[in-house]
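Colleague: 3D, please:
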Amino acid sequence: MEKMEEGTNKTNQEIEGHNEEIEEQDIIKLEKLENERKELLNRVVSGNIINIRDRVAYILNNSIDARNSDIDLAWSYWKCFESNKFDGVHITKEQFGNLTRLSSLSRIRAKIQNEYKLFQADDTVKRYRGVLEEDKKNQAIEDKPRGLGMYSVYIDETGKTQSYLSVGSLWILEAGASLILSNMELGDWKRSKKVNYEFHFAELDRFRVALFKDFFTKFLTLHPAISFKLIVVNNKGFSDKNAAITDLTYHLLSKGVDHENETGRAPLPRVLQVWLDEEEKGSDELKIENIKERITSQKIEGLHLGDFQSVSSDENFYIQVVDLFTGAINRKLHNPNGSNFKDDFADYVIDSLGFDMSSINKENNQVDHSTVFNLRQQEVK
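Modeller: Next up, the predicted model:
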């Protein structure tokens, strides 16, 4: 009897050990998946496209139609990345055989959407594909119309511990191979100059001013259709600075969309995608959810929310340029008569964009009354 109990205990111990081993393997697998997801997201939103998975994700990021249809995905992929084989209008049987296979693109798309949970299809499509989450199956479904354009917005903030809070943003309204080529050209320029650091205003020193100016000018030259938007408030009376930053970011996005729509520069309907400079995971997620909830509550006709994510500034020239822009405004707000190398660079950025610092109301400390300044690049000096 004792031997039987001993054998039973041993078996139970083996089972427990086996279960723990399985749990550990699952944790390792999930961590690997999350690292792959994060790496892919950072590559895509920075335009640092390396392989076929990056290219498929890039198309999905910029096309709601491609998220919902593998035919649209393939058509956009061929047009963007294989234009030497496909003119974007007609296709012959011979050309079709030389293009990346539809089945390969579909398989990669499924992994990106189902495993990485990025660039999701509409719920109706997910239901058809059999991947709609259980808690959504009985909900009313509202699909996005076809052919939607994008507002891709990159955001940075500054001034939490200073007299003025500022949130700056870069708005990109069109996507395609040209953005990838521009990113590659900037990367080549950076390597040719033997630059092994990121471009951040806080890291500027007197020996790097010329390179920082060259980088900013080259970025503007390669991206003539971009715009910058800024919102500022006097930083007094706010007990919760993070909440104030969240409010400012919401107003920047809401008023920015209104401006693009009302001027006819990028009219609705469109999808709004937002990329924030990564800080702390928990606070970033809370900020993002608060902003999305407030924008959703406004029920802006024709505005559909896409991905809102915090991303690394590493190799992301868009985030770095927003950092330089916001840092320059912040410098002149707090040190208007300064004359050292940082003031020189701040003046260069502001002059390049034709911005009048005197237009900022420095006395305003009401977030809801804050003005969004829209700066469109007209001419690179």
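
Colleague: mind checking the SS state of the spatially most central residue of the chain?
Modeller: The residue lying closest to the centre of the chain (C-alpha atoms, centre = their mean) is W275, at 2.9 Å. Under DSSP: H, G, I helix; E, B strand; the rest coil, the three-state class of W275 is strand.

Colleague: start at 726 instead
Modeller: Got it, first residue is 726 now, which makes that one W1000.

Colleague: measure it to W896 for me?
Modeller: Distance, W1000 to W896, by C-beta to C-beta, to the nearest Å: 11 Å. C-beta here means a position set from N, CA and C on the backbone, and glycine is covered the same way.

Colleague: any residues in contact with both of these two?
Modeller: Shared contacts of W1000 and W896, defined by C-beta atoms under 8 Å, 6 or more residues apart in numbering, are found at 877-878.

Colleague: state the pLDDT value of I905.
Modeller: I905 carries a pLDDT value of 89.

Colleague: also L1030?
Modeller: Confidence score, pLDDT, at L1030: 92.

Colleague: which residues touch it?
Modeller: By C-beta under 8 Å, 6+ apart, the contact set of L1030 is 996-997, 1017, 1020-1021.

Colleague: parallel or antiparallel, which strands does the helix or strand encompassing it pair with?
Modeller: Applying DSSP states H and E as the criterion places L1030 in strand 1028-1036. Here strand 1028-1036 is paired, per DSSP bridges, with strand 995-1002 (parallel).

Colleague: just the CA atoms of the partner strand, as PDB, please.
Modeller: Written as PDB, here are the backbone C-alpha positions of strand 995-1002 (Å, rounded to 0.1, in the frame of the first residue of the first chain):
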ATOM      1  CA  ARG A 995     -10.500  59.300 -42.900                       C
ATOM      2  CA  VAL A 996      -8.800  57.000 -40.400                       C
ATOM      3  CA  LEU A 997      -6.900  58.600 -37.500                       C
ATOM      4  CA  GLN A 998      -3.800  56.700 -36.500                       C
ATOM      5  CA  VAL A 999      -1.600  58.100 -33.600                       C
ATOM      6  CA  TRP A1000       1.900  57.200 -32.700                       C
ATOM      7  CA  LEU A1001       3.300  58.600 -29.400                       C
ATOM      8  CA  ASP A1002       6.900  58.800 -28.300                       C
END
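
Colleague: ok, for V1092, nearest residue in space, not its chain neighbours?
Modeller: Closest residue to V1092 in three dimensions, ignoring its sequence neighbours and counting by C-beta to C-beta, 6 or more residues apart in numbering: D972, at 4.4 Å.

Colleague: that neighbour: neighbour count?
Modeller: 22 (other C-beta atoms under 10 Å).

Colleague: and it, how close does it get to L890?
Modeller: For D972 relative to L890 (C-beta to C-beta), the value is 10 Å.

Colleague: do the same with S808
Modeller: The gap separating S808 from L890 is 45 Å, by C-beta to C-beta.

Colleague: these two: who's more crowded?
Modeller: L890 (27 against 11).

Colleague: so that one touches E882, yeah?
Modeller: Yes. Look at L890 against E882 with C-beta atoms under 8 Å: they come within range, at 7.4 Å.

Colleague: mind listing the shared neighbours of these two?
Modeller: Listed as contacting both L890 and E882 by C-beta under 8 Å, 6+ apart are 970, 973.

Colleague: quick check: closest non-adjacent residue to K1012.
Modeller: For K1012, ignoring the flanking residues on the chain, the nearest one in space by C-beta to C-beta, 6+ apart is T971 at 5.0 Å.

Colleague: these two touch, right, that neighbour and I1016?
Modeller: Yes. Counting by C-beta under 8 Å, I1016 is a contact partner of T971 at 6.2 Å.

Colleague: quick one: the residue nearest to the centre of the chain and S1037 touch, right?
Modeller: No. Applying C-beta under 8 Å, one finds W1000 not in contact with S1037, separated by 10.1 Å.
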